[in-house]
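J.: the following comprises the amino acid sequence and a computationally predicted model.
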Amino acid sequence: MKLYIKNMVCSRCERAVQLELEKMHLPITAIKLGEVTLSCELTKTQKTQLSQALQQLGFRVLEDEQSKTIAQIKNAIIDLVHYQDQNIKTNLSTYLSTNLNQDYSALSKLFSDKENQTIAHYFIVQKIEKAKELLDYKELSLSEIAHKLNYSNVAHLSNQFKKITGSTPTFFKKNQKIARKSLDIL
């Protein structure tokens, strides 16, 4: 049985969900961003108890197919941008189609209809959040960050950064007054 969980966006989230499942003695087969596979079906009571426990931690078990698909799209993009440094150079539509085993145009239409933004815009926002994180660390130059995030040059990164944040990366790096956003609210 697969469960799709909203706001599960990092390894700490995975661990928190895993601990709740273990408290309920539910057999986990696999766990990854936004998704848990159990080796058995849950009773209605177990589903309710799990849903309530996860809700207290800021998560939500998704029931309808459209919400599940949107969560899968978001989690795939978060995983790509924040956790798979080398794969960010991949074609986004191919990446999503392959990972979700669905036609990209259908995914794109659903996402735009339900989220009031395009998948491409969501991807850019995630890349800018990653750029902010890398700027915070002060380990890479702006040129290295642009390369790491697959921008053609620093100017392209700077233009998108300013469109999303209202500030340049250089201003952000010097002032750090632009707060980074939590991945689960983007």
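T.: Arrived safely.

J.: point to the residue nearest the middle of this protein.
T.: The centre of the chain sits closest to residue 78, judged by Cα atoms, centre = their mean, with a distance of 2.9 Å.

J.: which positions in the helix or strand where residue 111 lies come out as buried?
T.: Per DSSP states H and E: residue 111 is located in helix 104-115. Going by neighbour count (16 or more other Cβ atoms under 10 Å), the buried part of helix 104-115 is 104, 107-108, 110-111. C-beta: built from backbone N, CA, C; applies to glycine.

J.: using TSV, lay out those together with distance to residue 41 and pLDDT.
T.: Shown next, in TSV, are these (distance: Cβ to Cβ, whole Å; pLDDT from 0 to 100):
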residue	distance to residue 41	pLDDT
104	32	97
107	28	98
108	33	97
110	27	98
111	29	97
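
J.: JSON lines please, covering the residues you listed and showing distance to residue 33.
T.: Putting the buried residues of helix 104-115 into JSON lines (distance: Cβ to Cβ, whole Å) gives the following:
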{"residue": "104", "distance to residue 33": "20"}
{"residue": "107", "distance to residue 33": "17"}
{"residue": "108", "distance to residue 33": "20"}
{"residue": "110", "distance to residue 33": "19"}
{"residue": "111", "distance to residue 33": "17"}
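
J.: quick check: domain ranges of this protein?
T.: 2-63, 66-119, 122-185 (automatic domain parsing).

J.: could you tell me the least trusted of these?
T.: Among the domains of the chain, domain 122-185 carries the lowest mean pLDDT, at a mean of 88.

J.: that one: how far from the chain's middle?
T.: Averaged C-alpha coordinates place domain 122-185 at 16 Å from its chain's average position (Cα atoms, centre = their mean, to the nearest Å).

J.: coming back round to it: the residue nearest to the centre of the chain and residue 33 touch, don't they?
T.: Yes - assessed by Cβ atoms under 8 Å, residue 78 is found in contact with residue 33 at 6.4 Å.

J.: now do the shared contacts for the two.
T.: Contact criterion Cβ atoms under 8 Å, 6 or more residues apart in numbering; residues shared by residue 78 and residue 33: residue 9.

J.: could you report the neighbour count for residue 19?
T.: 12 (other Cβ atoms under 10 Å).
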